[in-house]
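A.B. asks: Fold the following, please.
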Amino acid sequence: MTIPALFAVSSGNTLSVRDTFFDCLKVGIGPEYDYKAVSSKFKDTVRKPVVVVDSNSFNSECFDETVMKKMAIRGNDIWFMTHIECVDDVFDSFNTVAENLLAPLHTIADYDELTDILSVSDSVIPAIFVNMGKGIDINGIFADPIDILDKIIDIGYGRVCVVDTDDSIGGDIWSAIYDEHPATLPFVSKQNDNVYFGDFRNIITPPEF
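C.D. replies: Numbers count the residues shown, from 1 in each chain. Next up is the predicted model:
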């Protein structure tokens, strides 16, 4: 299943969706569209997930609740991706309609905090950001993304998201990730053709506008 990712931007009382992708650890610029108009396209007879990326929090590098307060999508389960540092941020993120929380690994304080987060919620999915083929670990340390995956799985997380910010993960690496951790959720740009859909059960990507 392809899970759509909406890069939400809050400004005043307005919530928009930006046609963009990640620019390393930030959200890039791009044309903006009405959030309700875009999100209404994903209504179905069966509830399906939609990822909402909190662009405000990513670009301010701190938790910001302005997107969270406006992001409800009728008929869909929201998987919310935002800046998470600690357990308190997790509690704040689940204050509204989020079904699951995608927590960028590089924003989490340390591995002790990551372990504590798992102890309070099994609905948190750590997200490894990859740039130039290297995963960005806690504290911004670059490492092999599979090595980082191994560490997170060893803590006890059943699902991990891998975000390819610049289409630098080749098909061979995706195959290796699938072989070792088939429950991984790839998060890729619309232009990315390195992921074979037949392998992974779910792939997250922005929709066409």
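A.B. asks: Please report how far Pro49 lies from Gly156.
C.D. replies: 22 Å (CB to CB, to the nearest Å). In this view, the C-beta of every residue, glycine as well, is placed from N, C-alpha and C.
A.B. asks: Check Val124 too.
C.D. replies: 11 Å.
A.B. asks: hey, what's in contact with both of the two?
C.D. replies: Leu118 (CB atoms under 8 Å, 6 or more residues apart in numbering).
A.B. asks: more crowded one of those two?
C.D. replies: Val124 (22 against 11; other CB atoms under 10 Å).
A.B. asks: What residues are bridge-paired with that one?
C.D. replies: Applying DSSP bridges to Val124 gives these bridge partners: Leu101.
A.B. asks: how close does it get to Met1?
C.D. replies: Distance, Val124 to Met1, by CB to CB: 21 Å.
A.B. asks: Now do the same for Phe197: its pLDDT.
C.D. replies: Listed pLDDT for Phe197 reads 64.
A.B. asks: Hmm, Ile3 is touching Val50, no?
C.D. replies: Yes. The criterion here is CB atoms under 8 Å, and Ile3 meets it with Val50 at 7.0 Å.
A.B. asks: Now the common contact residues for the two.
C.D. replies: Trp79.
A.B. asks: can you pull out the helices in this protein?
C.D. replies: Per DSSP state H, the chain has helices spanning 35-39, 55-60, 87-93, 111-120, 145-155, 171-180. These are given in chain order.
A.B. asks: could you give the angle of the longest one to helix 111-120?
C.D. replies: Compare the direction of helix 145-155 with that of helix 111-120 by axes from the mean of the first three to the mean of the last three CA atoms, to 10 degrees and you get 50 degrees.
A.B. asks: helices and strands around helix 145-155, which ones?
C.D. replies: Under the contact definition 3 or more CB pairs under 8 Å, 6 or more residues apart in numbering; DSSP states H and E, helix 145-155 sits against helix 111-120, strand 124-131, strand 134-136, helix 171-180.
A.B. asks: Of the ones you listed, flag the one that's most buried.
C.D. replies: strand 124-131 (a mean of 22; mean count of other CB atoms under 10 Å).
A.B. asks: count of neighbours near the residue nearest to Lys36 when sequence neighbours are not counted?
C.D. replies: What sits nearest to Lys36 in space, not counting adjacent residues and going by CB to CB, 6 or more residues apart in numbering, is Leu15, at 7.9 Å. Counted with other CB under 10 Å, residues neighbouring Leu15 total 21.
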